[in-house]
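Student: Sequence and computational prediction follow.
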Amino acid sequence: MQLVCRDELFEYAEQVKNLGNTLFELLSEGLGLKPSYLTDIECNQGQIILCHYYPPCPQPELAIGTSRHSDSGFLTILLQDDIGGLQIFHEDRWVDVTPTPGAFIVNVGDLLQLITNDKFKSVEHRVVAKNAGPRVSIACFFSTHFHPISTRMYGPIKELLSDENPPLYRETLVRDYLTRYYAIGLDGKAKTALSDFRL
Ligand SMILES: O=C(O)CCC(=O)C(=O)O
Ligand SMILES: [Fe+2]
(Lines give C-alpha, C1' and ligand atoms only; values in the text may rest on other atoms or scores of the structure.)
(Ligands and ions follow the chains in the order given, each with its own letter.)
Protein backbone atom coordinates (compact mmCIF):
# COMPACT_ATOMS: atom_id res chain seq x y z
CA MET A 1 0.00 0.00 0.00
CA GLN A 2 1.29 3.42 -0.86
CA LEU A 3 1.11 6.08 1.80
CA VAL A 4 -0.67 9.05 0.27
CA CYS A 5 0.55 11.59 2.84
CA ARG A 6 4.27 10.77 2.80
CA ASP A 7 5.38 14.05 1.18
CA GLU A 8 2.98 16.10 3.28
CA LEU A 9 4.24 14.51 6.49
CA PHE A 10 7.88 15.29 5.69
CA GLU A 11 6.93 18.86 4.78
CA TYR A 12 4.92 19.16 7.99
CA ALA A 13 7.84 17.84 10.04
CA GLU A 14 10.15 20.44 8.49
CA GLN A 15 7.77 23.31 9.14
CA VAL A 16 7.09 22.23 12.72
CA LYS A 17 10.83 21.97 13.31
CA ASN A 18 11.22 25.59 12.19
CA LEU A 19 8.40 26.65 14.46
CA GLY A 20 9.99 24.73 17.33
CA ASN A 21 13.31 26.50 16.76
CA THR A 22 11.57 29.88 16.91
CA LEU A 23 9.76 28.87 20.09
CA PHE A 24 13.01 27.74 21.72
CA GLU A 25 14.51 31.15 20.90
CA LEU A 26 11.56 32.95 22.46
CA LEU A 27 11.59 30.68 25.50
CA SER A 28 15.34 31.33 25.96
CA GLU A 29 14.70 35.06 25.89
CA GLY A 30 11.81 34.61 28.30
CA LEU A 31 14.31 33.08 30.72
CA GLY A 32 16.65 36.05 30.31
CA LEU A 33 19.14 33.95 28.35
CA LYS A 34 20.59 34.50 24.88
CA PRO A 35 18.16 33.42 22.12
CA SER A 36 20.27 30.44 21.06
CA TYR A 37 20.61 29.06 24.61
CA LEU A 38 18.07 26.22 24.45
CA THR A 39 19.08 25.15 20.96
CA ASP A 40 22.78 25.34 21.96
CA ILE A 41 22.05 22.72 24.59
CA GLU A 42 20.16 20.70 21.97
CA CYS A 43 16.62 20.90 23.34
CA ASN A 44 15.48 21.13 19.71
CA GLN A 45 17.27 17.92 18.73
CA GLY A 46 15.17 14.86 18.18
CA GLN A 47 11.73 15.17 16.74
CA ILE A 48 9.09 12.50 17.14
CA ILE A 49 5.74 12.80 15.42
CA LEU A 50 2.79 10.79 16.71
CA CYS A 51 -0.43 10.74 14.72
CA HIS A 52 -3.38 9.81 16.92
CA TYR A 53 -6.66 8.37 15.70
CA TYR A 54 -9.48 8.16 18.24
CA PRO A 55 -12.44 6.17 16.89
CA PRO A 56 -15.94 7.39 17.82
CA CYS A 57 -16.82 5.96 21.21
CA PRO A 58 -20.42 4.74 21.79
CA GLN A 59 -20.11 5.06 25.60
CA PRO A 60 -17.68 7.94 26.23
CA GLU A 61 -18.58 8.12 29.94
CA LEU A 62 -17.04 4.65 30.39
CA ALA A 63 -13.85 5.33 28.44
CA ILE A 64 -10.89 7.68 28.15
CA GLY A 65 -9.08 8.73 24.96
CA THR A 66 -5.65 9.40 26.49
CA SER A 67 -5.17 9.24 30.24
CA ARG A 68 -3.79 12.05 32.38
CA HIS A 69 -0.11 12.82 31.83
CA SER A 70 2.45 15.50 31.17
CA ASP A 71 4.69 15.09 28.13
CA SER A 72 8.18 13.85 28.93
CA GLY A 73 10.29 15.89 26.51
CA PHE A 74 11.15 19.57 26.29
CA LEU A 75 8.30 20.86 24.15
CA THR A 76 5.31 19.49 22.23
CA ILE A 77 3.59 21.17 19.30
CA LEU A 78 0.14 19.67 18.88
CA LEU A 79 -2.41 20.01 16.11
CA GLN A 80 -5.96 18.85 16.83
CA ASP A 81 -9.00 18.70 14.58
CA ASP A 82 -12.43 20.20 15.34
CA ILE A 83 -13.85 17.32 17.42
CA GLY A 84 -12.44 18.42 20.78
CA GLY A 85 -11.74 16.30 23.83
CA LEU A 86 -8.35 17.64 24.87
CA GLN A 87 -8.32 19.03 28.41
CA ILE A 88 -5.63 20.52 30.63
CA PHE A 89 -5.58 20.35 34.41
CA HIS A 90 -5.60 23.91 35.71
CA GLU A 91 -6.28 25.12 39.25
CA ASP A 92 -7.60 21.73 40.36
CA ARG A 93 -10.03 21.20 37.51
CA TRP A 94 -10.13 19.98 33.94
CA VAL A 95 -10.45 22.73 31.36
CA ASP A 96 -11.41 22.08 27.71
CA VAL A 97 -8.89 23.16 25.10
CA THR A 98 -11.45 24.24 22.52
CA PRO A 99 -10.28 23.59 18.96
CA THR A 100 -9.34 26.79 17.14
CA PRO A 101 -8.94 26.42 13.36
CA GLY A 102 -5.33 26.95 12.29
CA ALA A 103 -4.00 27.09 15.86
CA PHE A 104 -1.36 24.87 17.44
CA ILE A 105 -1.23 23.90 21.09
CA VAL A 106 2.22 24.14 22.63
CA ASN A 107 2.90 22.09 25.75
CA VAL A 108 5.88 22.51 28.03
CA GLY A 109 7.26 19.05 28.82
CA ASP A 110 8.82 17.64 31.99
CA LEU A 111 12.42 18.07 30.81
CA LEU A 112 11.86 21.79 30.17
CA GLN A 113 10.44 22.09 33.68
CA LEU A 114 13.52 20.29 35.04
CA ILE A 115 16.11 22.47 33.25
CA THR A 116 14.25 25.72 33.98
CA ASN A 117 14.07 24.75 37.66
CA ASP A 118 10.26 25.10 37.67
CA LYS A 119 10.21 28.48 35.87
CA PHE A 120 8.26 26.78 33.10
CA LYS A 121 5.89 24.06 34.29
CA SER A 122 4.89 21.04 32.26
CA VAL A 123 1.15 20.86 31.71
CA GLU A 124 -0.97 17.89 32.70
CA HIS A 125 -3.49 16.95 30.06
CA ARG A 126 -5.77 14.16 28.88
CA VAL A 127 -8.17 13.43 26.04
CA VAL A 128 -11.74 12.45 26.89
CA ALA A 129 -13.58 10.03 24.60
CA LYS A 130 -16.24 11.41 22.26
CA ASN A 131 -18.96 9.80 20.21
CA ALA A 132 -19.27 12.76 17.82
CA GLY A 133 -16.94 11.19 15.29
CA PRO A 134 -13.36 10.02 14.86
CA ARG A 135 -10.76 12.47 16.17
CA VAL A 136 -7.30 12.97 14.71
CA SER A 137 -4.40 14.82 16.33
CA ILE A 138 -0.74 15.16 15.42
CA ALA A 139 1.78 15.61 18.21
CA CYS A 140 5.38 16.64 17.55
CA PHE A 141 7.68 16.05 20.52
CA PHE A 142 11.08 17.66 20.86
CA SER A 143 13.27 15.31 22.85
CA THR A 144 16.29 13.18 22.03
CA HIS A 145 14.44 10.21 23.49
CA PHE A 146 16.48 7.02 23.38
CA HIS A 147 19.09 8.35 20.94
CA PRO A 148 21.94 6.11 22.02
CA ILE A 149 24.77 8.61 21.52
CA SER A 150 23.27 11.50 23.47
CA THR A 151 25.54 11.76 26.51
CA ARG A 152 24.52 15.28 27.46
CA MET A 153 23.49 15.72 31.07
CA TYR A 154 20.49 17.93 31.74
CA GLY A 155 19.97 19.67 35.05
CA PRO A 156 18.71 23.08 36.18
CA ILE A 157 20.36 25.77 34.02
CA LYS A 158 23.22 27.28 36.05
CA GLU A 159 22.41 30.85 34.96
CA LEU A 160 18.98 30.52 36.57
CA LEU A 161 20.33 29.44 39.94
CA SER A 162 21.23 31.59 42.94
CA ASP A 163 21.15 31.37 46.72
CA GLU A 164 17.43 32.19 46.56
CA ASN A 165 16.90 29.74 43.67
CA PRO A 166 18.82 26.58 44.51
CA PRO A 167 18.59 23.62 42.12
CA LEU A 168 15.38 21.63 42.58
CA TYR A 169 16.37 18.65 40.43
CA ARG A 170 19.34 16.39 39.94
CA GLU A 171 21.03 16.07 36.56
CA THR A 172 20.02 13.32 34.21
CA LEU A 173 20.51 11.92 30.74
CA VAL A 174 17.35 12.26 28.63
CA ARG A 175 17.50 8.49 28.24
CA ASP A 176 17.43 7.88 32.01
CA TYR A 177 14.58 10.32 32.53
CA LEU A 178 12.54 8.59 29.84
CA THR A 179 13.30 5.14 31.20
CA ARG A 180 11.79 6.22 34.51
CA TYR A 181 8.86 7.98 32.77
CA TYR A 182 7.93 4.94 30.71
CA ALA A 183 8.46 2.54 33.62
CA ILE A 184 5.72 4.43 35.46
CA GLY A 185 3.54 4.80 32.35
CA LEU A 186 0.47 6.92 31.80
CA ASP A 187 -1.30 5.61 34.87
CA GLY A 188 -3.18 8.75 35.78
CA LYS A 189 -0.70 9.84 38.45
CA ALA A 190 0.82 12.87 36.78
CA LYS A 191 4.39 14.05 37.20
CA THR A 192 5.54 11.06 39.23
CA ALA A 193 8.70 10.70 37.16
CA LEU A 194 9.60 14.37 37.59
CA SER A 195 9.15 14.17 41.34
CA ASP A 196 11.57 11.23 41.41
CA PHE A 197 14.29 13.58 40.12
CA ARG A 198 13.60 16.27 42.73
CA LEU A 199 16.36 16.91 45.21
O1 LIG B 1 -4.50 13.76 21.09
C2 LIG B 1 -4.21 14.76 21.72
O3 LIG B 1 -4.77 15.86 21.55
C4 LIG B 1 -3.11 14.72 22.76
C5 LIG B 1 -2.23 13.53 22.68
C6 LIG B 1 -1.16 13.59 23.73
O7 LIG B 1 -1.34 14.11 24.80
C8 LIG B 1 0.18 13.04 23.46
O9 LIG B 1 0.41 12.46 22.39
O10 LIG B 1 1.06 13.19 24.33
FE1 LIG C 1 0.53 14.50 25.78
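Tutor: Received, thanks. Numbers count the residues shown, from 1 in each chain. Ligands and ions are numbered 1, 2, ... in the order given.
Student: now the helices for this protein?
Tutor: Secondary structure of the chain (DSSP state H): helices at 6-30, 37-40, 110-115, 174-184, 192-196.
Student: can I get those helices in TSV with distance to ligand 1, mean neighbour count and mean pLDDT?
Tutor: (Each C-beta comes from the backbone N, C-alpha and C, glycine too.) Listed next are the helices of the chain as TSV, based on distance: least, Cβ to the nearest ligand atom, whole Å; neighbours: other Cβ atoms under 10 Å; pLDDT from 0 to 100:
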stretch	distance to ligand 1	mean neighbour count	mean pLDDT
helix 6-30	14	14	96
helix 37-40	20	18	97
helix 110-115	12	25	98
helix 174-184	12	16	90
helix 192-196	14	17	89
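Student: Arrange these in a markdown table, one row each, with distance to Tyr154 as further columns.
Tutor: Formatted as a markdown table, the entries for these read as follows, by distance: least, Cβ to Cβ, whole Å:
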| stretch | distance to Tyr154 |
| --- | --- |
| helix 6-30 | 14 |
| helix 37-40 | 11 |
| helix 110-115 | 5 |
| helix 174-184 | 6 |
| helix 192-196 | 12 |
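Student: do you know which of the ones you listed lies nearest Tyr54?
Tutor: Nearest of the helices of the chain to Tyr54, taken as Cβ to Cβ: helix 6-30 at 19.0 Å.
Student: The helices of the chain: which one's closest to Ser137?
Tutor: The minimum distance between Ser137 and those falls on helix 6-30, with 13.0 Å, by Cβ to Cβ.
Student: Can you get me a residue count around the closest residue to ligand 1 within the chain?
Tutor: Residue nearest to ligand 1 within the chain (Cβ to the nearest ligand atom): Ser137, separated by 3.5 Å. The tally of other residues near Ser137 (other Cβ atoms under 10 Å) stands at 21.
Student: now swap in Ser162 and tell me
Tutor: 7.
Student: can you check Val128 too?
Tutor: For Val128, the count of nearby residues is 18 (other Cβ under 10 Å).
Student: quick thing: my sequence starts at 19, can you match it?
Tutor: Let's use 19 as the start, then, which means that last one is Val146.
Student: Excluding sequence neighbours, find me the nearest residue to it.
Tutor: Taking Cβ to Cβ, 6 or more residues apart in numbering as the measure, Val146 lies nearest to Gly103, with 5.0 Å between them; neighbours along the chain are not counted.
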